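>>> prediction below, plus the sequence it came from.
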Amino acid sequence: MTTAPVSRTRQRLRVHTRRAIGDDLLGRLPSPTGALSWVRDGAGLVGWGEAARFEVSGPDRFAAADRWWREFTADLDVDDEVAHPGTGPVAFVSMAFADSPGRSVLVVPEVVVGRRDGRTWLTTIGDVAPREIAPVRGPARIRYADGELPVTAYREAVREAVARMRAGELDKVVLAHDLLAVADREIDHRFVLDGLARRYPDCWVYAVDGLVGATPELLLRRSGRVVDSRVLAGTTWPRDGVPDDELAAALLTSAKDREEHGYAVASLVDALRPFCSSLSVDGPSVLRLPNVSHLSSDVIGELRGAPSLLALGAAVHPTAAVGGTPRAAATRLIGELEGVDRGRYAGPVGWVDGAGDGELGIALRCARVRGRTARLFAGCGLVAESDPDTEVREAHAKMRPFRDALEGR
Ligand SMILES: C=C(O[C@H]1C=CC=C(C(=O)O)[C@@H]1O)C(=O)O
């Protein structure tokens, strides 16, 4: 099902991009909620206000979003003094993981501040009134409660999935579970974003329509004719008394993790190849983060023609980093065994510009934040050799970034 576009105005909106000063993007966000962010190591985009919004659900959500964005940008009066990817009109994007249920959203902010290669710019869309920056507040005490799929049920779901793979039903599936965090005060999205950015400079720190997180995985970046991706699958995490180098070496040589990783790379490359005149894979190597390390491969391709970022997203989502292999069997098994509405967790998240360029990460290490509540999600790739207890510990390690940021650690 496709819902009707919800757009504030269809008159010719004025879009103005000009150079600006300052290097603290997250520090510009004025309000505790409604933050829009895609920032990595101080560069990227933040936004606030809503010049327009589009919501959609169903199997055609990428095509519908792409069409709406093209029509929306065709109608604008653009004055862009900077002319980079990410200048001029920009929409922040967060797509649902599943065809159903799930709601995808594009938000066109009233104000965007961007920074790239040491240069800062500011874009306004429509008539914008200046806003005071409200002080950032911590959420005070946090209590945790079971989500829709508590740890014990998750362990059982993993056990069942492993049995199905051993019986030859499928090769890989990614199962996730959730956890509720309830704060004493309304959660200030900026507090969480600041904490994530401080601890995870290698990750893309994002917020779109209440989905807040820090993902290490880049699904797709389109810059003109070039498309690239950072595929992650296969994980280890710090253990007392084991040196990091030893853990990294064990990850690189683990047959189980390499198998998991191989499916994720193959799913992306197979889906991307028809759009590319050349495509190459570099990896795997080990990406080290404070909470986990992953097997990581970089994929780069030259596009044939000019498919938009959202069209490419439609083709590659879900990769086997969040779905499985074969894709259809894995998606069915996720629906059967998780029984949780993933919403926009594990869906593409990022931004697009008026030229169809942009970046989409996979929405990992995140929570859906509403008022005083955050619903955290984390999942693990499973193959026939996976062990349920180990996967439960891995999911716990993947929730650490959001929990630490929320707790102000
Ligand atoms: C599904 C998640 O991670 C994916 C990305 C990297 C490594 C993964 C793994 O080793 O299982 C997962 O495929 C998650 O963080 O919720």
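Nice, thanks for sending it over. Since we're looking at a predicted model, the values are computed, not measured.
>>> is there proximity between stretch 93-103 and the ligand?
No. Stretch 93-103 stays clear of the ligand (Cβ under 6 Å from any ligand atom), getting no nearer than 10.3 Å. Where you see a C-beta, it was placed from the backbone N, CA and C, and this is true even at glycine.
>>> show me what counts as buried in that stretch.
By neighbour count on 16 or more other Cβ atoms under 10 Å, the buried set for stretch 93-103 is V93, S94, M95, A96, F97, A98, G102, R103.
>>> which members of those are the farthest-apart pair?
Using Cβ to Cβ, these reach their maximum pairwise distance at V93 and A98, which is 16.4 Å.
>>> may I see the buried residues of stretch 17-37?
T17, L25, L26, R28, L29, P32, G34, A35, L36, S37.
>>> that one: how far from the chain's middle?
19 Å (Cα atoms, centre = their mean, to the nearest Å).
>>> which outside residues touch the helix or strand R368 falls within?
With elements taken from DSSP states H and E, the one containing R368 is strand 366-370. Residues from elsewhere that reach strand 366-370, judged by Cβ atoms under 8 Å, 6 or more residues apart in numbering: 181, 187, 189, 192, 206, 210-215, 343-345, 374-377, 402, 406.
>>> sitting in strands, which of those residues do you find?
Secondary structure defined by DSSP state E assigns A181, Y206, L211, V212, G213, A214, T215, A374, R375, L376, F377 of these to strands.
>>> between these, which is closest to the ligand?
The closest of the ones in strands among the contacts of strand 366-370 to the ligand turns out to be F377 (Cβ to the nearest ligand atom; 6.3 Å).
>>> skipping its backbone neighbours, what lies nearest the closest one in space?
Once flanking residues are discounted, F377 sits nearest to Y345: 3.9 Å by Cβ to Cβ, 6 or more residues apart in numbering.
>>> ok, the residue nearest the centre of the chain - contacts?
Nearest to the geometric centre of the chain sits A363, at 2.4 Å (Cα atoms, centre = their mean). Contacts for A363 (Cβ under 8 Å, 6+ apart) come out as S94, Y206, L211, G213, T215, R344, Y345, A346, G347, P348, V349.
>>> tabulate those in TSV, adding columns for pLDDT.
Shown next, in TSV, are the contacts of A363 (pLDDT from 0 to 100):
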residue	pLDDT
S94	99
Y206	99
L211	98
G213	98
T215	98
R344	98
Y345	98
A346	98
G347	98
P348	99
V349	99
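>>> residues near A134, how many?
Neighbourhood size, A134 [other Cβ atoms under 10 Å]: 12.
>>> what of Y154?
Y154 has 26 nearby residues by other Cβ under 10 Å.
>>> next one: it from V281, what distance?
32 Å (Cβ to Cβ, to the nearest Å).
>>> re the thing from before, which one of the ones in strands among the contacts of strand 366-370 sits closest to V265?
V265 lies nearest to T215 out of those, by Cβ to Cβ, at 17.5 Å.
>>> doesn't Y200 make contact with that closest one?
No. Using Cβ atoms under 8 Å, T215 makes no contact with Y200, being 9.1 Å away.
>>> those two: which is more packed in?
When neighbours are counted by other Cβ under 10 Å, T215 comes out ahead of the other of T215 and Y200, with 26 against 23.
>>> a helix runs through D270, doesn't it?
Yes. D270 sits within a helix when classified using DSSP: H, G, I helix; E, B strand; the rest coil.
>>> could we number from 347 for the rest of this?
Done: numbering now begins at 347, and the last item shifts to D616.
>>> ok, it to A730 distance?
Taking Cβ to Cβ, one finds D616 at 21 Å from A730.
>>> ok, these two, which is more surrounded?
A730 (17 against 14).
>>> out of the buried residues of stretch 439-449, list just those in helices.
When the buried residues of stretch 439-449 are checked against helices using DSSP state H, none is located there.
>>> tell me which of these is nearest to the ligand?
F443 (10.3 Å).
>>> list the contacts for the closest one?
P664, V668, R688, G689, R690, Y691, A692, G693.
>>> I'd like these laid out as CSV, including distance to A594 and neighbour count.
Converted to CSV, the contacts of F443 look like this (distance: Cβ to Cβ, whole Å; neighbours: other Cβ atoms under 10 Å):
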residue, distance to A594, neighbour count
P664, 27, 22
V668, 23, 27
R688, 30, 23
G689, 33, 22
R690, 31, 26
Y691, 27, 29
A692, 25, 29
G693, 29, 26
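>>> before we move on, back to that, need the buried ones from the ones in strands among the contacts of strand 712-716 selected in PyMOL.
Per 16+ other Cβ under 10 Å, the buried members of the ones in strands among the contacts of strand 712-716 correspond to this PyMOL selection:
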select buried, resi 527+552+557+558+559+560+561+720+721+722+723
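>>> can I get the ones in strands among the contacts of strand 712-716 in JSON lines with distance to W583?
Output for those, formatted as JSON lines (distance: Cβ to Cβ, whole Å):
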{"residue": "A527", "distance to W583": "20"}
{"residue": "Y552", "distance to W583": "22"}
{"residue": "L557", "distance to W583": "24"}
{"residue": "V558", "distance to W583": "22"}
{"residue": "G559", "distance to W583": "18"}
{"residue": "A560", "distance to W583": "16"}
{"residue": "T561", "distance to W583": "17"}
{"residue": "A720", "distance to W583": "22"}
{"residue": "R721", "distance to W583": "22"}
{"residue": "L722", "distance to W583": "16"}
{"residue": "F723", "distance to W583": "17"}
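>>> next one, pLDDT for the residue in the stretch 397-546 of the chain positioned nearest to the ligand please.
Of all residues in the stretch 397-546 of the chain, V520 sits closest to the ligand, at 5.2 Å by Cβ to the nearest ligand atom. For V520, the pLDDT comes out at 98.
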